[in-house]
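>>> task: produce atomic coordinates for the following.
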Amino acid sequence: MNTFLVLTTSLVVLAGTSGVPAHAAVDRADTYVVSSEPGVLPEGIAVTRTGTMYVTSLATGAVYRGDVRHRRLRPFLPAGSDGRTHAAGVRVDRAGRLFVAGYDTATLFVYDPDGRLLAKRSAVTGAALNDLVITDHAVYVTDSVGGTIWRATLDGGRVGPLEAWLLPSDFPTAPGFLNGIVAGAGDRLAVVADQGTGAPGTERLWRIDLADATASEVRVSGGQLGADGLLLEGNRLYGVVNFPDPADGYRFAVNLAVLDGGLRAARVVRQSRTAGLEQSPTTLARDRDRLLWVNSQLSATAPAPPFTVTEVPGLS
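Next up is the predicted model:
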């Protein structure tokens with residue numbers, strides 16, 4: 001969502017294809033209750049290949065876990081544990097380790113599948129770690145306030161220190177509010193959403209060369225991709241966007257774009273049905289033949305439980 005609406009937004013998304021057989025799709029819920037407690041404000045989501053779902057709380061730092069076949073999630077990592085007071089992006093690597101971006105603490109948290117803390121890696125004080133993507137050799141994390149991309153090397157089971165890898169001065173134009181990040185082209189390239197400063201036309205989509213640490217702007221046509229959460233599947237890029245609406249202030253939707261082979265151009269070809277401020281979806285994830293998004297309520301007039309994850313309407 002736009003920075004002038006809520007400065008503490010994120011995206012974060014893990015694309016995963018569930019191992020649930022296609023005929024079991026009827027057993028999956030269309031609405032998931034993350035929590036019935038007040039003040040949770042869910043933000044990030046990850047869905048693994050086996051159908052395990054993780055959802056973070058931007059307000060408390062809690063992480064919730066559930067299964068796509070069951071309607072309710074349960075607390076997995078308690079609010080505030082390990083110093084994790086505001087949790088944004090979440091990803092799961094091939095070993096089942098959970099990576100969580102601590103927004104206000106500028107800390108990357110890494111847990112094993114049972115919830116045991118394996119590593120804490122901190123950026124500079126004042127950084128706002130938002131979303132992350134994991135490749136074979138490193139994890140890359142967006143810093144929304146600092147306009148920086150942080151990087152920690154992955155060597156076997158070891159997570160290296162977080163280092164400022166791409167600075168604002170390394171972009172053609174200094175970023176306004178870096179958010180979602182995804183990797184493609186065999187993990188050689190990344191795409192990063194920039195929600196801009198809130199002024200029209202400041203939203204951008206960046207192409208990052210992970211080999212030589214360079215940034216260039218993706219040419220976007222047909223719609224907006226200065227998104228919150230991103231999901232990349234081959235040459236199909238999904239982004240949760242928001243735009244002014246005379247009646248409700250702002251509306252939210254998922255835009256689908258087709259990328260060229262070099263990830264240098266993106267053409268928006270479809271849009272989901274929209275949601276309003278009371279829902280305020282932030283990011284999305286794949287569960288087999290459908291997309292799920294997080295109803296954060298970050299921009300709602302009076303956020304109230306239950307806090308939910310639902311299917312993206314009109315797009316799969």
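>>> next secondary structure after the lowest-mean-pLDDT helix or strand in the chain?
Least confident helix or strand, the chain: strand 13-14 with a mean of 35, by mean pLDDT, DSSP states H and E. Next along the chain after strand 13-14, taking DSSP states H and E as the criterion, comes strand 31-35.
>>> got the buried residues for that next one?
For strand 31-35, the neighbour count (16 or more other Cβ atoms under 10 Å) marks Tyr32, Val33, Val34, Ser35 as buried. For every residue, glycine as well, the C-beta is placed using N, CA and C.
>>> likewise stretch 107-124?
Neighbour-count burial for stretch 107-124 [16+ other Cβ under 10 Å]: Thr107, Leu108, Phe109, Val110, Tyr111, Ala119, Lys120, Arg121, Ser122, Ala123.
>>> distance check, the last one against Leu166.
I take that to be Ala123. Ala123 sits 13 Å away from Leu166 when distances are taken as Cβ to Cβ, to the nearest Å.
>>> joint contacts of those two?
Overlap of the contact sets of Ala123 and Leu166 (by Cβ atoms under 8 Å, 6 or more residues apart in numbering) consists of Thr148.
>>> low-confidence regions, the stretch 51-200 of the chain specifically.
Applying pLDDT under 70 to the stretch 51-200 of the chain picks out no residues at all.
>>> and the strands in it, which stretches?
Residue ranges of the strands in the stretch 51-200 of the chain, as given by DSSP state E, counting those that start in this stretch, are 52-57, 63-67, 74-77, 87-92, 98-102, 107-111, 117-122, 129-134, 138-143, 148-155, 158-159, 163-166, 178-184, 189-194.
>>> which among those is found nearest to Val294?
strand 52-57 (6.4 Å; Cβ to Cβ).
>>> how much does the closest one deviate in direction from strand 87-92?
Taking axes from the mean of the first three to the mean of the last three Cα atoms, to 10 degrees, one finds that strand 52-57 is oriented at 160 degrees with respect to strand 87-92.
>>> report the buried residues of strand 52-57.
In strand 52-57, counting by 16+ other Cβ under 10 Å, buried: Thr52, Met53, Tyr54, Val55, Thr56, Ser57.
>>> Leu298 touches Thr282, doesn't it?
Yes. With contact defined as Cβ atoms under 8 Å, Leu298 reaches Thr282; the gap is 6.8 Å.
>>> between the two, point out the one with more neighbours.
Thr282 (35 against 24; other Cβ atoms under 10 Å).
>>> that one sits in which helix or strand?
Going by DSSP H and E, Thr282 is in strand 281-287.
>>> what lines up beside the helix or strand following that strand in the sheet?
Note on strand 281-287: by DSSP H and E, the next helix or strand toward the C-terminus is strand 290-295. Strand pairing for strand 290-295, determined by DSSP bridges: strand 281-287 (antiparallel), strand 307-311 (antiparallel).
>>> what's the angle from strand 290-295 to strand 31-35?
30 degrees.
>>> need the buried residues of strand 52-57 in TSV with distance to Gly222, can you?
Output for those, formatted as TSV (distance: Cβ to Cβ, whole Å):
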residue	distance to Gly222
Thr52	35
Met53	31
Tyr54	32
Val55	31
Thr56	31
Ser57	34
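>>> nearest to Val309, of the residues you listed?
For these, the nearest to Val309 is Val55 (6.3 Å; Cβ to Cβ).
>>> I figured that closest one hits Val63, correct?
Yes. Look at Val55 against Val63 with Cβ under 8 Å: they come within range, at 7.2 Å.
>>> overlap of the contact sets of these two?
Counting by Cβ under 8 Å, 6+ apart, the shared contacts of Val55 and Val63 are Val90.
>>> re earlier: relative to Gln224, which of the strands of the stretch 51-200 of the chain is closest?
strand 189-194 (10.1 Å).
>>> the closest one - contacts with which helices or strands?
strand 178-184, strand 204-209, strand 230-233 (3 or more Cβ pairs under 8 Å, 6 or more residues apart in numbering; DSSP states H and E).
>>> strand 189-194 and the first one, what's the angle between them?
What it means is strand 178-184. Using the same axes, to 10 degrees: strand 178-184 against strand 189-194 is 160 degrees.
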